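# structure, please.
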Amino acid sequence: MKNPNSILSVEDPVIENHTPPAATALTGGRLLASNAVWNLVGSASPILVALFCLPILKTKLGTDRLGIISLAWVVIGYFGLFDLGLSRALTKLVAERLGQRREDEIPALVWTSLFLMAGLGAVGGIVVLVLVPWMVLHPLKIPAELRTEAIHAFYWIGFSIPIVIVTAGLRGVLEALQRFRLATAIRIPMGIFTYLGPVLVLPFSHSLVPIMAVLVLARIVACAAHLLACFYALPSLRGRCAFHASSAGPLFRFGSWMTVSNLIGPLMISCDRFLIGSMISVAAVAYYAVPYEVVTRLSLVPGALVGVLFPAFSTTAVSDRSRLVFLFESGLKYIFLALFPITLILITFAPEALRFWLGSEFARQSTPVAQALGVAVFINGLTQIPFTHVQGAGRPDITAKLHLTELPFYILVLVLLAKTMGIRGVAIAWLLRVVVDSVLLFLFSWKLLPENNFMIRKLPLLAAGSLAIFGIAVSLHGLPAKIIFVSASCVIVTTGLWRWMLSTREKIALRGGLRGARAYN
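Below is the predicted model:
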């Protein structure tokens, strides 16, 4: 008798497709749903701790020191780009080898990637160490009394760059193996300690130097934990530590295009606030940035799912295209089910929520921004599926070229709408960019996977209906009317999608993932 909780149970009949065992085990529907839950938990948990720790740090350290710590986190994130996309490339290539049943090639691929990433990280660390005095004395405008302290603190950040990059590569191996529970078991305490660590130092010192030293030491521990987790999940890595030049080519070919996307994507996301500050006013930045920071947190939901689907797409793209279609369609439907009600509530009640939270003037300025960005995040959430599919299919050049092409047009539209409509125009420009990007990515994805009929036949109608509902919600006035409309729309749309668009396999996978997240990995 089959275990009903087994990944290969009759409820998920991929066995009938004669999928290679590795691919089957790593792309089971309920396993992926379970891993998405773990991924979301790992992403969201540190936010809750930050809400508790940040006020303490502000009170004890002061605004200037807290700002320097925040800048240090930004520096670590940005200089993580020195991995040149190798961590993502490693995830894709390991998952691909598993789908092709070429597991014997994985150790060489992993160790070669880690050596390369350590070297690139060392280069990034040296760049940071060289730039630290200039950054502290000039563009950052740090108060004179804190400059020496800040320089020594940032030196610790420079030393941490290789560790951060290697850790990203090790996490990529665990993701390729769909060991998200194991990765999350490390990620949660690490994310929590990022905020809690400085608080624990406060009884002994208010200097930034020991705070940064503690954070760097914690990252070293996290790197070691990831390495041990990889040894546990993939025992063949032990005792085969060597650099293989033949493995470097595929890693750099995939990673180079990933680097282009990693550079252009954040630029398009962040340039709006710099433009507002230079063209409109600093106060307008606050009116725009506050709803932006709140609304874009919704991207955690699709981000958790596509982080799981990327290695699954990479595996099935070379072993089972019918399974790939199933995963693609399921991912779209799950993201829709998760984001639609949240987005509708957000854009409908944005005026009341902002008025209660920050006052009438703030609500008047920020409501159109929150509503436009809410729709944009909803569309972008769905677009993460074709984006991930295109990259998982081994075509990161498509996403990179799209970003390169979109950037000048987006900046032009951004400037024009900012001049004529202010921050509302900036939000609309962001929405238009997302719409264009979405249409193009879905088209390219369909060309790579023409068997995907749902994307052509049903998704446009579903998207058009959702946008029509959002349009009505924005025009509503009066709290009772809004409550009735939102309640009815959420019930009708989610019930209809659940009953008529989700297959039995998709329902079982979703229920199993939510009910039994602790049963896997």
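# now do stretch 355-371: everything it contacts.
Outside stretch 355-371, the residues within contact range by Cβ atoms under 8 Å, 6 or more residues apart in numbering are 284, 287-288, 290-292, 294-295, 346-347, 350-351, 354, 423-424, 426-427, 474. For every residue, glycine as well, the C-beta is placed using N, CA and C.
# can you rerun that using 6 Å?
Residues from elsewhere that reach stretch 355-371 (Cβ atoms under 6 Å, 6 or more residues apart in numbering): 287-288, 291, 295, 347, 350-351, 354, 423-424, 427, 474.
# again with stretch 206-223
61, 65, 68, 149, 152-153, 156, 160, 163, 166-167, 190, 193, 197-198, 201.
# swap the cut-off to 7 Å and go again
60-61, 65, 68-69, 72, 149-150, 152-153, 156-157, 159-160, 163-164, 166-167, 170, 186, 190, 193-194, 197-198, 201 (Cβ atoms under 7 Å, 6 or more residues apart in numbering).
# apart from its neighbours in sequence, what residue is nearest residue 190?
residue 222 (4.5 Å; Cβ to Cβ, 6 or more residues apart in numbering).
# any idea how far residue 162 is from the one you found?
13 Å (Cβ to Cβ, to the nearest Å).
# before we move on, what about residue 174?
19 Å.
# over to residue 461?
Taking Cβ to Cβ, one finds residue 461 at 50 Å from residue 162.
# equivalent analysis for residue 52, please.
Taking Cβ to Cβ, one finds residue 52 at 31 Å from residue 162.
# over to residue 385?
Taking Cβ to Cβ, one finds residue 385 at 33 Å from residue 162.
# with residue 483 instead?
Taking Cβ to Cβ, one finds residue 483 at 53 Å from residue 162.
# more neighbours: the two, which one.
The residue with more neighbours, out of residue 483 and residue 162, is residue 162; 22 against 13, by other Cβ atoms under 10 Å.
# residues contacting the more buried one?
118, 121-122, 125.
# and with 8 Å instead?
By Cβ under 8 Å, 6+ apart, the contact set of residue 162 is 117-118, 121-122, 124-125.
# mind checking which of these are in helices?
Residues of the contacts of residue 162 located in helices (DSSP state H): 117-118, 121-122, 124-125.
# out of those, which end up buried?
Buried subset of the ones in helices among the contacts of residue 162 (neighbour count, 16 or more other Cβ atoms under 10 Å): 117, 121, 124-125.
# same list (these) but as CSV, adding pLDDT.
Shown next, in CSV, are these (pLDDT from 0 to 100):
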residue, pLDDT
117, 87
121, 85
124, 82
125, 85
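# wait, which of the contacts of residue 162 is closest to residue 501?
residue 117 (41.5 Å; Cβ to Cβ).
# from memory the closest one sits against residue 167, does it?
No - proximity of residue 117 to residue 167 does not meet the contact threshold set by Cβ atoms under 8 Å, at 9.3 Å.
# residue nearest the centroid of this structure?
Centroid-nearest residue in the chain: residue 303, 4.2 Å away (criterion: Cα atoms, centre = their mean).
# that one: which element?
Take DSSP states H and E as the rule and residue 303 turns out to sit in helix 300-316.
# swap in residue 160?
Using DSSP H and E, residue 160 falls in helix 147-176.
# list the buried residues in that helix.
By 16+ other Cβ under 10 Å, the buried positions in helix 147-176 come out as 149-176.
# and the next helix or strand past the helix or strand where residue 443 lies?
Assigned by DSSP H and E, residue 443 belongs to helix 423-448. Downstream of helix 423-448, the first helix or strand assigned by DSSP H and E is helix 453-457.
# which other residues reach that following helix?
Under Cβ under 8 Å, 6+ apart, the answer for helix 453-457 is 328-329, 332, 386, 442, 445-446.
# residues of the helix or strand just after it that come out buried?
Later in the chain than helix 453-457, the nearest helix or strand by DSSP H and E is helix 459-475. For helix 459-475, a neighbour-count test (16+ other Cβ under 10 Å) marks 459, 462-463, 466, 469-470, 473-474 as buried.
# so which of those residues comes closest to residue 268?
Out of those, the member with the shortest distance to residue 268 (by Cβ to Cβ) is residue 463, at 21.8 Å.
# if we can go back for a sec, which parts of the helix holding residue 303 are buried?
Neighbour-count burial for helix 300-316, counted by 16+ other Cβ under 10 Å, picks out 301-302, 304-316.
# go on, stretch 416-434?
417-418, 422-434.
# quick one: contacts of it?
268, 272, 275-276, 279-280, 284, 287-288, 365, 368-369, 372-373, 375-376, 379-380, 383, 406, 410, 413-414.
# for the chain, where's the lowest mean pLDDT among helices and strands?
Using mean pLDDT, DSSP states H and E, helix 21-26 stands out as the lowest-scoring helix or strand of the chain, at a mean of 48.
# quick check, nearest of the buried residues of stretch 416-434 to residue 100?
Proximity of the buried residues of stretch 416-434 to residue 100 (Cβ to Cβ) peaks at residue 434, which lies at 34.8 Å.
# ok, now how distant is that closest one from residue 441?
Look at residue 434 and residue 441: by Cβ to Cβ, they are 10 Å apart.
# find residues that contact each of these two.
Here residue 434 and residue 441 share the contacting residues residue 383, scored by Cβ under 8 Å, 6+ apart.
# quick one, strands of the stretch 101-250 of the chain?
Taking DSSP state E, counting those that start in this stretch as the criterion, the stretch 101-250 of the chain carries no strands.
# helices of that one, start to end?
Secondary structure of the stretch 101-250 of the chain by DSSP state H, counting those that start in this stretch: the helices cover 106-137, 147-176, 180-201, 208-233, 245-279.
# any buried residues in stretch 123-139, and which?
Residues of stretch 123-139 classed as buried by neighbour count (16+ other Cβ under 10 Å): 124-125, 128, 132, 135-136.
# now do stretch 284-298: everything it contacts.
Contacts for stretch 284-298 (Cβ under 8 Å, 6+ apart): 47, 272-273, 276-277, 339, 342-343, 346, 350, 354, 358, 362, 365-367, 369-370, 373-374, 377-378, 381, 422-423, 426-427.
# for it, output the C-alpha coordinates as CSV.
Output of stretch 284-298 as CSV, limited to C-alpha atoms (Å, rounded to 0.1, in the frame of the first residue of the first chain):
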residue,chain,number,x,y,z
ALA,A,284,7.3,63.9,-2.3
VAL,A,285,9.7,61.1,-1.9
ALA,A,286,8.1,60.3,1.5
TYR,A,287,4.6,60.4,0.0
TYR,A,288,5.8,57.9,-2.7
ALA,A,289,8.2,55.7,-0.7
VAL,A,290,5.9,54.8,2.2
PRO,A,291,3.1,53.2,0.1
TYR,A,292,5.8,51.7,-2.1
GLU,A,293,7.5,50.0,0.8
VAL,A,294,4.2,48.6,2.1
VAL,A,295,2.7,47.5,-1.3
THR,A,296,5.9,45.9,-2.6
ARG,A,297,6.0,43.6,0.4
LEU,A,298,3.3,41.6,-1.4
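# buried stuff in that stretch?
Neighbour-count burial for stretch 284-298 [16+ other Cβ under 10 Å]: 284-292, 294-295, 298.
# ok, now stretch 103-120?
So for stretch 103-120, counting by 16+ other Cβ under 10 Å, buried means 105-107, 109-117, 120.
# would you list these in CSV and tack on distance to residue 491?
As requested, those are exported to CSV (distance: Cβ to Cβ, whole Å):
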residue, distance to residue 491
105, 51
106, 47
107, 52
109, 49
110, 48
111, 53
112, 53
113, 48
114, 50
115, 55
116, 52
117, 49
120, 51
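# which of these lies closest to residue 479?
For those, the residue nearest residue 479 by Cβ to Cβ is residue 117; the value is 53.2 Å.
# ok, now which ones touch the closest one?
Residue 117 makes contacts with 83, 86-87, 162, 165-166, 168-169, as judged by Cβ under 8 Å, 6+ apart.
# buried ones among the contacts of stretch 416-434?
Buried, going by 16+ other Cβ under 10 Å: 268, 272, 275-276, 280, 284, 287-288, 365, 368-369, 372-373, 375-376, 379-380, 383, 406, 410, 413-414, out of these.
# looking at those, which are in helices?
268, 272, 275-276, 284, 287-288, 365, 368-369, 372-373, 375-376, 379-380, 383, 406, 410, 413-414.
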